[in-house]
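Trainee: Here is the input, now give the coordinates:
(chains A and B)
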There are 2 protein chains.
Amino acid sequence: MTLFAHRFAAISKARSPLCLGLDPSAELLAGWGLTQDAAGLEAFCARVLEAAGDLVGVVKPQAGFFERFGAAGMVELARAIGQAQAQGALCLLDAKRGDVPGTMEGYAQALVGPGGFAAVAATLNPYLGFDSLAPAFARAQAYDAALFVVVRSSNPGGRDLQAARHTDGRAVAERLADQIAAHNAQARPVLGAVIGATLQAQETGLLERLGEALVLAPGVGAQGATMAQVGERFAAVRGRVLPSVSRDILRAGPDVASLRAAILRYRDEAWDACGA
Amino acid sequence: MTLFAHRFAAISKARSPLCLGLDPSAELLAGWGLTQDAAGLEAFCARVLEAAGDLVGVVKPQAGFFERFGAAGMVELARAIGQAQAQGALCLLDAKRGDVPGTMEGYAQALVGPGGFAAVAATLNPYLGFDSLAPAFARAQAYDAALFVVVRSSNPGGRDLQAARHTDGRAVAERLADQIAAHNAQARPVLGAVIGATLQAQETGLLERLGEALVLAPGVGAQGATMAQVGERFAAVRGRVLPSVSRDILRAGPDVASLRAAILRYRDEAWDACGA
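Mentor: Residues are numbered from 1 along each chain as shown, chains lettered A, B, ... in the order given. Predicted coordinates:
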């Protein structure tokens, strides 16, 4: 098998480092004239994935927007993951799951590898402790999937908690970055970090703690960071950053040609700012 | 409508404060001779809910154990929630969701109120900031659902992060407890806290910060805390604590009569230790 990091490096060159967020929010469904139900999700995803075609290397469905229609929404999530992967994209399931180790066994099976939603990468939430995520790490190693642990989120409201300090002086986010690097150094390196694209220029020391880990950087565009800013601030991890754009591309829809134009624009910007 | 807290107070008197964890883990399915698939989940839940009958006031399905079979597992989750609520139990969906505010709109719809999984209570994860959960709080207020924010988890591995300190000297868990109390004081009080039953005797100050909030205390039994210990340590919130037992009851199965005997034993213990 091939490490996700190597697959990303290859597809990033062939397509682009751009990560396209698949976010069928209530607002976007309404704006596209689609129904607020599973059929609306299906139509939305079909159109976005048609526009993405073989242009996009990484597709990131946001679980929360599928889950809101219950099990019927999760059927559409599975369908979208299958289609994105059939188009050759790497599918990163943005689910931010996190629980005690026993329950993480369940989530691990849900996210990556066969039997659940079968994505090749997913996001995890560390509030119950980095160690609590170990069952998912083990499964990712078995299937060469990648797991991106939320270290620093893109919203300003996440900052206080993530900047709280351990007794050794490290911030919560800093310690997690160290733990990711240490885990990758001692095992098959399957861990990445989620660090919001809104990271400030004076905070880029966080990136230097990550060793060779990949970095998912959500929040490009509508959340306020430009792709050029990502290029500057994430320079330390250039070639290993997945800049993620959702709303700024999706609001170009529902027309497929307009979506494709928005994708192409961001794809080029992602190459310039983040390409290896 | 009636606040979840009032519904819990009533059902706690009529049945018991016991919260029964519905955890169809791989280990339990195997132990019960069930298949590792959605059909196994269905058979497991049918048997547990038959045993629970009208004995149990609160049923807590653990989303991770359903999600591991993808959308087919989520169909069983929806079915179990519907059946538990048809039996008159309050259904608390243990999903520990947490994300930026835009995405939380989606999770809020997924968890409580109509259209998604339609539980009357759910758990949330605060790593992306207490404020990021606001869309879910608003929805809980609209439907008189309850949301239990994870403050202090039952696993030892969660402790380091949850004990990190803000610049004002408060631990992460302490500040969250204060935020829950403050939110309940200024709005319709729909917020509760998750505080592991494994809380140590010297840490019970955390409970005194919570105002009138309900407390979900997972980890009774197999995770090491006895019901009597919960009664002692959670004395400050007596009448407002939901002691949650999963494995210690479920491993009495698959026989319904044995499950029922285990439920009755814990139900009586919960009354003695936590009853109003």
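Trainee: make it CA atoms for all contacts and neighbour counts henceforth
Mentor: Fine.
Trainee: got the buried residues for stretch A:196-213?
Mentor: Residues A:196-199, A:204, A:206-213 are the ones in stretch A:196-213 that count as buried (16 or more other C-alpha atoms under 10 Å in any protein chain shown).
Trainee: which ones are touching the closest residue to chain B within the stretch 151-276 of chain A?
Mentor: With C-alpha to the nearest C-alpha as the measure, A:Gly158 is the residue of the stretch 151-276 of chain A nearest to chain B, at 4.1 Å. With contacts taken as C-alpha atoms under 8 Å, 6 or more residues apart in numbering or on different chains, A:Gly158 has the following neighbours: A:152, B:127-132.
Trainee: export these to TSV and tack on distance to B:Thr35?
Mentor: TSV is the format used below for these (distance: C-alpha to C-alpha, whole Å):
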residue	distance to B:Thr35
A:Arg152	40
B:Tyr127	35
B:Leu128	37
B:Gly129	39
B:Phe130	39
B:Asp131	41
B:Ser132	39
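Trainee: which of those residues lies closest to B:Leu111?
Mentor: For B:Leu111, the closest of the contacts of A:Gly158 turns out to be B:Ser132, at 15.8 Å, with distances computed as C-alpha to C-alpha.
Trainee: Can you tell me the SS state at that closest one?
Mentor: Following DSSP: H, G, I helix; E, B strand; the rest coil, B:Ser132 is assigned to helix.
Trainee: I figured it hits A:Pro156, correct?
Mentor: No: B:Ser132 lies out of contact with A:Pro156 (C-alpha atoms under 8 Å); the separation is 9.0 Å.
Trainee: higher neighbour count, these two?
Mentor: The residue with more neighbours, out of B:Ser132 and A:Pro156, is B:Ser132; 23 against 16, by other C-alpha atoms under 10 Å in any protein chain shown.
Trainee: ok, and the closest non-adjacent residue to that one?
Mentor: Using C-alpha to C-alpha, 6 or more residues apart in numbering or on different chains and skipping residues adjacent in sequence, the residue nearest B:Ser132 is B:Pro101, 4.8 Å away.
Trainee: Give me the phi and psi angles of that neighbour.
Mentor: Summarising the backbone geometry of B:Pro101 under the convention degrees, to the nearest 10, its torsions are phi -50, psi -40.
Trainee: so what's it up against?
Mentor: Residues in contact with B:Pro101 (C-alpha under 8 Å, 6+ apart) are B:132-135.
Trainee: Need the per-residue pLDDT for it.
Mentor: The predicted structure scores B:Pro101 at 95 on the pLDDT scale.
Trainee: try A:Leu92
Mentor: Model confidence at A:Leu92, expressed as pLDDT, equals 98.
Trainee: which residues pair with it across the strands?
Mentor: When bridges are called by DSSP bridges, A:Leu92 pairs up with A:Ala121.
Trainee: Then the one 5 residues further on?
Mentor: When assigned by DSSP bridges, A:Arg97 has beta-bridge partners A:Leu124.
Trainee: quick one: it and A:Thr123 touch, right?
Mentor: Yes: the pair formed by A:Arg97 and A:Thr123 meets the contact definition of C-alpha under 8 Å, at 7.0 Å.
Trainee: and A:Gln83, how far is that from A:Val75?
Mentor: A:Gln83 sits 12 Å away from A:Val75 when distances are taken as C-alpha to C-alpha, to the nearest Å.
Trainee: for A:Gly40, same thing?
Mentor: Counting by C-alpha to C-alpha, the separation of A:Gly40 from A:Val75 is 13 Å.
Trainee: A:Arg15 now?
Mentor: With distances defined as C-alpha to C-alpha, the gap from A:Arg15 to A:Val75 amounts to 28 Å.
Trainee: These two: who's more crowded?
Mentor: Counting neighbours by other C-alpha under 10 Å for A:Arg15 and for A:Val75 shows that A:Val75 has the greater number, 22 against 18.
Trainee: For A:Ala5, which non-adjacent residue is spatially closest?
Mentor: Nearest residue to A:Ala5, sequence neighbours excluded (C-alpha to C-alpha, 6+ apart): A:Leu214, at 7.0 Å.
Trainee: How confident is the prediction for the one you found, by pLDDT?
Mentor: For A:Leu214, the model assigns a pLDDT of 98.
Trainee: for the record, mean pLDDT for stretch A:135-143?
Mentor: The average pLDDT within stretch A:135-143 is 98.
Trainee: In CSV, list the C-alpha atoms belonging to it.
Mentor: The C-alpha coordinates for stretch A:135-143 follow below in CSV (Å, rounded to 0.1, in the frame of the first residue of the first chain):
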residue,chain,number,x,y,z
PRO,A,135,-7.7,2.9,18.0
ALA,A,136,-8.2,5.1,15.0
PHE,A,137,-4.5,5.6,14.5
ALA,A,138,-4.0,1.8,14.4
ARG,A,139,-6.7,1.4,11.8
ALA,A,140,-5.3,4.2,9.7
GLN,A,141,-1.9,2.4,9.8
ALA,A,142,-3.5,-0.9,8.7
TYR,A,143,-5.2,0.8,5.7
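Trainee: Briefly note if it comes near chain B.
Mentor: No: under the criterion of C-alpha under 8 Å from any C-alpha of the partner chain, chain B is not reached by stretch A:135-143; the shortest gap measures 11.8 Å.
Trainee: Doesn't A:His6 lie inside a helix?
Mentor: Yes: the assignment for A:His6 is a helix, going by three-state DSSP.
Trainee: Could you report the distance from the residue of the stretch 151-276 of chain A closest to chain B to A:Ala39?
Mentor: 33 Å.
Trainee: cool, and A:Gly157?
Mentor: Per C-alpha to C-alpha, A:Gly157 is found 33 Å from A:Ala39.
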